[in-house]
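Undergrad: okay, predicted coordinates and the sequence, questions at the end:
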Amino acid sequence: MKLAAISAILLSVGVAPAFATGTHSGGHKTEKMAIGEPGQKGKVKRTVNITMAEKDDGAMVFEPAAIKVKAGETIRLRFTNKGEADHEYVMDEEPTVMEHKAVMAKFPEMEHADANSIRLAPGKTGEILWTFSNAGDFVFACLIPGHYESGMKGNIQVSQ
């Protein structure tokens, strides 16, 4: 049966097909999250440069793998993918990041379109402006299948 016919059948019974490509958006573009909210350029206090890369031993890393900020601080997270593979950065509470990881395992080509994430091709740069509203311990990770397991994860400590 052709894909169009399958889609038509699924739509006729009220079930939308899920494809392994496209963009995941959890609606975080402007809404506040536990980790904070998108920051405004004029409120940036400092820039944290983060490198995404693979190591000769097969490890995949973020450098630095730990970030410390103060509650209420607006930071520019500037990313450079120095690796040879696509990498992404997703930050949030650990349970939420792990939920996204499980979805990515099922749909590996899916990209995030949330304000708390970025995906970069090799050699590319990008940034996230973020206001860390709440004190607490948070995580970041690359959720492309296999990357987290190869070491692409880290911690964000937001102090009072």
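TA: Done, it's in.
Undergrad: what residues are up against the residue positioned nearest the centre of the chain?
TA: In the chain, the C-alpha nearest the mean C-alpha coordinate belongs to residue 90, at 1.9 Å (Cα atoms, centre = their mean). Contact analysis of residue 90 by Cβ atoms under 8 Å, 6 or more residues apart in numbering lists 97, 100, 112, 114, 116, 117, 140, 141, 142, 143. Using the backbone N, CA and C atoms, a C-beta is placed for each residue, glycine as well.
Undergrad: leaving out sequence neighbours, find the closest residue to the second one.
TA: Taking Cβ to Cβ, 6 or more residues apart in numbering as the measure, residue 100 lies nearest to residue 143, with 5.5 Å between them; neighbours along the chain are not counted.
Undergrad: check the gap between the residue lying closest to residue 115 once chain neighbours are set aside and residue 133 for me.
TA: Spatial nearest neighbour of residue 115, excluding adjacent residues (Cβ to Cβ, 6+ apart): residue 38 at 4.2 Å. Distance, residue 38 to residue 133, by Cβ to Cβ, to the nearest Å: 11 Å.
Undergrad: next one: residue 40
TA: Separation of residue 40 from residue 133 (Cβ to Cβ) stands at 13 Å.
Undergrad: neighbour count for those two, which is higher?
TA: Using other Cβ atoms under 10 Å, the more surrounded residue of residue 40 and residue 133 is residue 133, with 18 against 10.
Undergrad: give me every residue that touches the more buried one.
TA: Residues near residue 133 by Cβ under 8 Å, 6+ apart: 32, 35, 36, 37, 71, 72.
Undergrad: top of those residues by neighbour count?
TA: Among these, residue 36 has the most neighbours (other Cβ under 10 Å), with 25 neighbours.
Undergrad: for it, give me the pLDDT.
TA: Note on residue 36: pLDDT of 96.
Undergrad: isn't it right next to residue 131, touching?
TA: Yes - using Cβ atoms under 8 Å, residue 36 is in contact with residue 131, at 5.0 Å.
Undergrad: now the lengthiest helix in the chain, how far from the chain's geometric center?
TA: Looking across the chain with DSSP state H, the single longest helix is helix 94-106. Relative to its chain's centre, helix 94-106 lies at 10 Å (Cα atoms, centre = their mean, to the nearest Å).
Undergrad: which helices and strands does that helix pack with?
TA: strand 87-92, strand 136-141 (3 or more Cβ pairs under 8 Å, 6 or more residues apart in numbering; DSSP states H and E).
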